[in-house]
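Chemist: what's the 3D shape of this:
(one chain, ligands or ions: 2)
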Amino acid sequence: MSPKLAPSVKLNNGKKMPIHGLGTWKSKPGEVTQAVKDAIACGYRHLDCALVYGNEAEVGVAIKAKIEDGTVKREDLFITSKLWNTFHSKSLVVPTLKESLTNLGLDYLDLYLIHWPMGYKENAELFPKDDKGKFLFTDVDYLDTWSGMEDAVAQGLTKSIGVSNYNSEQIQRTLDNCKIKPVTNQIECHPYLNQKKLIDWCRTKNIYITAYSPLGSPDRPWAKPEDPLLLEEPKLVAIAEKYKRTPAQIAIRYQVQRDVIVIPKSVTKSRIESNLQVFDFKLSSEDMKTIDSFDCNGRALHLDWVKEHKYWPFNTEF
Ligand SMILES: NC(=O)C1=CN([C@@H]2O[C@H](COP(=O)(O)OP(=O)(O)OC[C@H]3O[C@@H](n4cnc5c(N)ncnc54)[C@H](OP(=O)(O)O)[C@@H]3O)[C@@H](O)[C@H]2O)C=CC1
Ligand SMILES: CC(=O)C(C)=O
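Modeler: Ligands and ions are numbered 1, 2, ... in the order given. As a prediction, the model looks like this:
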């Protein structure tokens, strides 16, 4: 029996994107190949990747295997990658995208994102720091980077382009100066940081939000033992019990029900499978409101360590 797939949304360029995909940050090279194979086998068609995750080659091994065994064709898949902060000069965009294509074993991406609006020192390591541990920046304007992204579309290297971790002012400035509009802004989004204002604003511009860290990113490297765990939030657990679902399924369903694309990460087969089982039930509007009420500006990926960068995005209200 063929697996049930997630529905797709229509982007502002007319292309379709599955509303649900697999995250791959922190998925170790030794475990991500199996995770992606399991995901494709159970019906995932959207993979969220990035050069900086250091595992694109192992993701590519799984893609190749699932195409070769006949489970999918390339055109059935929606593959995203992201331009890292040390490659923001316009001339670096296309070569860096090509590096991700080589890693992934592909000849085009479905979506390429500017990972963050801030540029870091180029031609150095991915996290360039001085001898006191302070991050080294460039002030490359993300509009120049965007122009390189548009070149990548013109060269057929990616079908769509978008941004990630942009605030509304940075998106507006991009819209005012672009030839091709971003199709999505990929941002941290979960019940502790529900992003209602940025979502509503992006909707008025016909830009989809993609929710990263939809489970609260409990495995983020800088998590502290005292940090609250979204998946253990008592009211979320109570809602999960009511629907006979897991807290993760409720947090994922919350996003798809508000028409937000969602990319939970897991390397555990049973979780990969259950995280996709969110299209056969509906949360009541009362339960959606209860989940909305968890919002507490609980940002996990604040990147406070680069807050002096002129383009650090979290200085504005949304
Ligand atoms: N654009 C950007 O700047 C960013 C993009 N992202 C993207 O978003 C993806 C998702 O975000 P991420 O920060 O990884 O975190 P998530 O919120 O997806 O949480 C992942 C964690 O939740 C665990 N988990 C997964 N499913 C379940 C479940 N059913 N029950 C209990 N625990 C579960 C995973 O464990 P295990 O794997 O062990 O099963 C892992 O520890 C990333 O992987 C990446 O692709 C993320 C951050 C920033
Ligand atoms: C995980 C990720 O995408 C970061 C930290 O930029």
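Chemist: what is the residue of the chain found nearest ligand 1 paired to in the beta sheet?
Modeler: Going by C-beta to the nearest ligand atom, ligand 1 is nearest to residue 23 of the chain, at 2.4 Å. Any C-beta I mention is one placed from the backbone N, CA and C, and that applies to glycine too. When bridges are called by DSSP bridges, residue 23 pairs up with residue 48, residue 265.
Chemist: how much space separates it from residue 272?
Modeler: Per C-beta to C-beta, to the nearest Å, residue 23 is found 11 Å from residue 272.
Chemist: identify the contacts common to these two.
Modeler: Counting by C-beta atoms under 8 Å, 6 or more residues apart in numbering, the contacts common to residue 23 and residue 272 are residue 266.
Chemist: contact partners for residue 89?
Modeler: The contact partners of residue 89, by C-beta under 8 Å, 6+ apart, come to 119, 122, 138, 140, 144-145, 148.
Chemist: what does residue 200 give?
Modeler: If you count contacts by C-beta under 8 Å, 6+ apart, residue 200 has none.
Chemist: can you tell me the element it falls in?
Modeler: Per DSSP states H and E, residue 200 falls inside helix 196-204.
Chemist: repeat for residue 295
Modeler: Going by DSSP H and E, residue 295 is not part of any helix or strand.
Chemist: show me where the stretch 151-300 of the chain has helices.
Modeler: Counting by DSSP state H, counting those that start in this stretch, residue ranges of the helices within the stretch 151-300 of the chain are 168-175, 196-204, 234-243, 247-257, 269-276, 285-292.
Chemist: can I get those in CSV including distance to ligand 2 and mean pLDDT?
Modeler: Converted to CSV, those look like this (distance: least, C-beta to the nearest ligand atom, whole Å; pLDDT from 0 to 100):
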stretch, distance to ligand 2, mean pLDDT
helix 168-175, 16, 98
helix 196-204, 17, 98
helix 234-243, 23, 98
helix 247-257, 17, 99
helix 269-276, 18, 98
helix 285-292, 24, 98
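Chemist: which pLDDT value goes with the closest residue to ligand 2 within the chain?
Modeler: At 4.2 Å from ligand 2, residue 25 is the closest residue in the chain, using C-beta to the nearest ligand atom. Residue 25 is assigned 98 on the pLDDT scale.
Chemist: quick one, what contacts it?
Modeler: 50, 53, 265.
Chemist: these: which ones sit near ligand 2?
Modeler: The subset of these within reach of ligand 2, by C-beta under 6 Å from any ligand atom, is residue 50.
Chemist: quick one: which of the contacts of residue 25 is nearest residue 293?
Modeler: Using C-beta to C-beta, residue 265 comes nearest to residue 293 of the contacts of residue 25, at 25.6 Å.
Chemist: is it true that the closest one touches residue 31?
Modeler: No: using C-beta atoms under 8 Å, residue 265 is not in contact with residue 31; the gap is 11.3 Å.
Chemist: can you give me the strands for the stretch 51-200 of the chain?
Modeler: Using DSSP state E, counting those that start in this stretch, the strands of the stretch 51-200 of the chain run over residues 78-83, 109-114, 158-164, 184-188.
Chemist: ok, which of those comes nearest residue 287?
Modeler: Nearest to residue 287 among the strands of the stretch 51-200 of the chain is strand 184-188; the distance by C-beta to C-beta comes to 22.2 Å.
Chemist: now the closest one: mean pLDDT?
Modeler: Mean per-residue pLDDT for strand 184-188: 98.
Chemist: would you mind getting the angle between it and helix 196-204?
Modeler: Relative orientation of strand 184-188 and helix 196-204, computed by axes from the mean of the first three to the mean of the last three C-alpha atoms, to 10 degrees: 170 degrees.
Chemist: what's strand 184-188 in contact with?
Modeler: Here strand 184-188 makes contact (C-beta under 8 Å, 6+ apart) with 11, 17, 48, 111, 113, 160, 162-166, 171, 195, 198, 202, 207-213, 217, 261, 263, 299-301.
Chemist: how about stretch 293-301?
Modeler: By C-beta under 8 Å, 6+ apart, the surrounding residues in contact with stretch 293-301 are 165, 188, 190-194, 196, 212-213, 216-217, 220, 223, 227-228, 230, 233, 235-236, 314.
Chemist: buried subset of these as a ChimeraX selection?
Modeler: Typed into ChimeraX, the line below selects the buried ones among these, using 16 or more other C-beta atoms under 10 Å:
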select :165,188,190,191,192,193,194,212,213,216,217,230,233,236,314
